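1. what's the 3D shape of this:
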Amino acid sequence: MPAEENVSNSFLLDQINSEVVSLLTPVIIYLSVLMFFGLIGNMLVLFYYGRQTKRSRHAIFICTLAFIDLASCALSIPANFLDIRFYYTYTNIPLCKVLCFVNYLTTTGSAFTIFAIAVDRFRRICRPLKQQWGLKQCKLLCGSSFLLALIYSWPVLIFYTSVEEDLKASNGKIVKGHDCRNITARNYKTYYKVFNFLYLITFIICYGVIVVVYSRVGKSLYRHKRNLQNFRMSSKKRCMKRTALDKTQTPRYDNSDVKNDATCEGKAQTNDMKETEDGLNTVSFKYTLIMLVIAAVYLISLLPFFIIVILNAFLKMKDSAQGGALVAYKIGERSQYLPCAANAIIYGFLNAQFRKYYRSELLLCNRCKVSNDNLLSSSDTTVTTKL
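-> Got it, this is the predicted structure:
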């Protein structure tokens, strides 16, 4: 009789788990799309900025962020697949601890790296006359971001485990399930609350600083672009007046008009290349714009995550959500993975050299493929003719 009861409980538990997994299929599809684009995109970003561009502060920060995003797609998202697949049958305690630790580590490391990039952009754009960070300082900053993420994330190895839960089956029977979540023991509750409070306060401070810093940076970029446009318009008008004056003073035709036009264009290009009055050149402007968009996407994607964390702390949404509400809760809980795929798309969309490089590589591959096909077909024709 006990054996039959255990078999029955196991069957009912698998039935409950299968129903939840089927319900969370949209979450699996959402994560699969992010993982697909994130893996391919971040590998392309790492190869381009790590091998095809010169070593610079821009490349160091971008490669660091792309590496963390790649780790999220390769480790954290598959960990979420396991969490969904074994929603109520997660009995592997070491795997639960390690995967939750990796999840926290990548999310926190990404946040601190974006914070460091924001400070670097503020110093470069809004404080251009001060001494800027060099390559060594940028590497130390990226290493410090990872170390800080490690310090913030190690308590997860203690607080998360496989927790036993009472589940109600369709026939009304209560069965025992296991969920990978924070530990529920009373002697750990105070420490877990302190951990969550420090985590939340740190993210709110970083969130606020990034918003303020990029607001200042965006304002400086807008002012710089407007001043540059006004300068180009005034330079063009001065050149046109000078050319018209030279034409009225020169009765016969010579090639001076062409020389004047070339001189005006040359001066305009020289002034555009300098652009040192605001401490900003074209490369720095494009890189700052890319980082501004990446920070905006990151901040927007974190909003659902923070809202769910706060609501869950007071309303216990995870225990009460069912049906479509549970699906929305799980997608919002994983909104921090959106930048892992979006960042690579942003690099490609805003960096013309990035697109040009991979477009040329694709064309080269296609040409090699066509030439090989032609070579094979010609060799086949030769063999047939000899036969």
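2. drop to CA atoms for contacts and neighbour counts, all remaining ones
-> Will do.
3. so residue 101 sits right up against residue 159, yeah?
-> No: checked against C-alpha atoms under 8 Å, the pair residue 101 and residue 159 is beyond contact range at 10.0 Å.
4. residue 119 and residue 61: what is the separation?
-> Residue 119 is 12 Å from residue 61, where distance means C-alpha to C-alpha, to the nearest Å.
5. now residue 103
-> The gap separating residue 103 from residue 61 is 21 Å, by C-alpha to C-alpha.
6. by contact count, what packs against the one helix or strand residue 17 maps to?
-> Residue 17 belongs to helix 2-23 when assigned by DSSP states H and E. Applying 3 or more C-alpha pairs under 8 Å, 6 or more residues apart in numbering; DSSP states H and E, we find helix 2-23 packed against helix 77-85, strand 174-182.
7. now the ones you listed as a markdown table including distance to residue 126?
-> Listed next are the helices and strands packed on helix 2-23 as a markdown table, based on distance: least, C-alpha to C-alpha, whole Å:
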| stretch | distance to residue 126 |
| --- | --- |
| helix 77-85 | 37 |
| strand 174-182 | 43 |
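8. adding mean pLDDT and mean neighbour count as columns, could you present those in a markdown table?
-> Shown next, in a markdown table, are the helices and strands packed on helix 2-23 (pLDDT from 0 to 100; neighbours: other C-alpha atoms under 10 Å):
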| stretch | mean pLDDT | mean neighbour count |
| --- | --- | --- |
| helix 77-85 | 90 | 19 |
| strand 174-182 | 82 | 19 |
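9. looking at these, which is nearest to residue 341?
-> helix 77-85 (11.6 Å; C-alpha to C-alpha).
10. what's next to the closest one, contact-wise?
-> 17, 21, 24, 28, 31, 35, 90, 99-100, 103, 180, 337 (C-alpha atoms under 8 Å, 6 or more residues apart in numbering).
11. low-confidence ranges, this protein, go.
-> By pLDDT under 70, the low-scoring segments of the chain are 1-7, 184-185, 224, 227-282, 309-321, 364-387.
12. strands of that one, start to end?
-> Remark: strands assigned in the chain by DSSP state E are 160-168, 174-182.
13. can you redo those as JSON lines with distance to residue 293?
-> Formatted as JSON lines, the strands of the chain follow (distance: least, C-alpha to C-alpha, whole Å):
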{"stretch": "strand 160-168", "distance to residue 293": "34"}
{"stretch": "strand 174-182", "distance to residue 293": "33"}
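14. specify the angle between the helix holding residue 17 and strand 174-182 in degrees.
-> Note on geometry: by axes from the mean of the first three to the mean of the last three C-alpha atoms, to 10 degrees, helix 2-23 and strand 174-182 are set 50 degrees apart in direction.
15. buried ones in helix 2-23, by neighbour count?
-> 9-10, 12-14, 16-18, 20-21, 23 (16 or more other C-alpha atoms under 10 Å).
16. with stretch 354-361 instead?
-> Of the residues in stretch 354-361, those buried (16+ other C-alpha under 10 Å) are residue 354.
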